[in-house]
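Asks: A structural model of the following input is requested.
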Amino acid sequence: MTRAIKLLDVVALTVDLPEYNLWHGQVGTVVEILAGGAGYEVEFCDRNGRTYESVGLRPDQILVLRYEPLAAPP
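Replies: This next block holds a predicted model:
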């Protein structure tokens with residue numbers, strides 16, 4: 001079941017990105033949709049809301065976190 005990634009979605013990394021000191025499972029927020037959805041700018045913040053990294057990612061590098069049940073597709 002695939003849903004489009006939207007602006008301000010909370011996402012988790014599905015890959016390690018050692019060049020940015022980011023690791024599988026780290027949580028960020030989509031802050032920009034790039035190239036019509038071919039990429040996403042994701043901002044990673046600490047518990048105090050300070051951004052420590054912002055990086056462009058492909059859709060296969062992130063997983064949208066869901067907090068409510070999704071309806072089954074028709």
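
Asks: Surely Ala72 is within a strand?
Replies: No. Using DSSP: H, G, I helix; E, B strand; the rest coil, the assignment for Ala72 is coil, not a strand.

Asks: neighbours around it, how many?
Replies: 6 (other Cβ atoms under 10 Å). Every C-beta, even on glycine, is put in place using the N, C-alpha and C of the backbone.

Asks: Check Leu63 too.
Replies: Look at Leu63: counted by other Cβ under 10 Å, it has 15 neighbours.

Asks: Show the contacting residues for it.
Replies: Applying Cβ atoms under 8 Å, 6 or more residues apart in numbering, we find Leu63 in contact with Val11, Ala12, Leu13, Thr14.

Asks: With respect to Glu43, which of the residues you listed is nearest?
Replies: Checking these against Glu43 with Cβ to Cβ, the nearest one is Val11 at 10.2 Å.

Asks: Which residue, other than its chain neighbours, is closest to that closest one?
Replies: Ile62 (4.1 Å; Cβ to Cβ, 6 or more residues apart in numbering).

Asks: ranges for the helices of this structure?
Replies: With DSSP state H, there are no helices along the chain.

Asks: Please enumerate the strands of it.
Replies: Counting by DSSP state E, the chain has strands at residues 10-13, 27-34, 39-45, 51-57, 62-64.

Asks: for the fourth one, which positions count as buried?
Replies: Within strand 51-57, the residues that count as buried by 16 or more other Cβ atoms under 10 Å are Val55, Leu57.

Asks: ok, that strand: who's next to it in the sheet?
Replies: Strand pairing for strand 51-57, using DSSP bridges, gives strand 39-45 (antiparallel).

Asks: Identify the residues contacting the partner strand?
Replies: By Cβ under 8 Å, 6+ apart, strand 39-45 touches 5, 11, 22, 26-34, 51-59, 62.

Asks: same thing but 6 Å
Replies: Gly28, Thr29, Val30, Val31, Glu32, Thr51, Tyr52, Glu53, Ser54, Gly56, Leu57, Arg58 (Cβ atoms under 6 Å, 6 or more residues apart in numbering).
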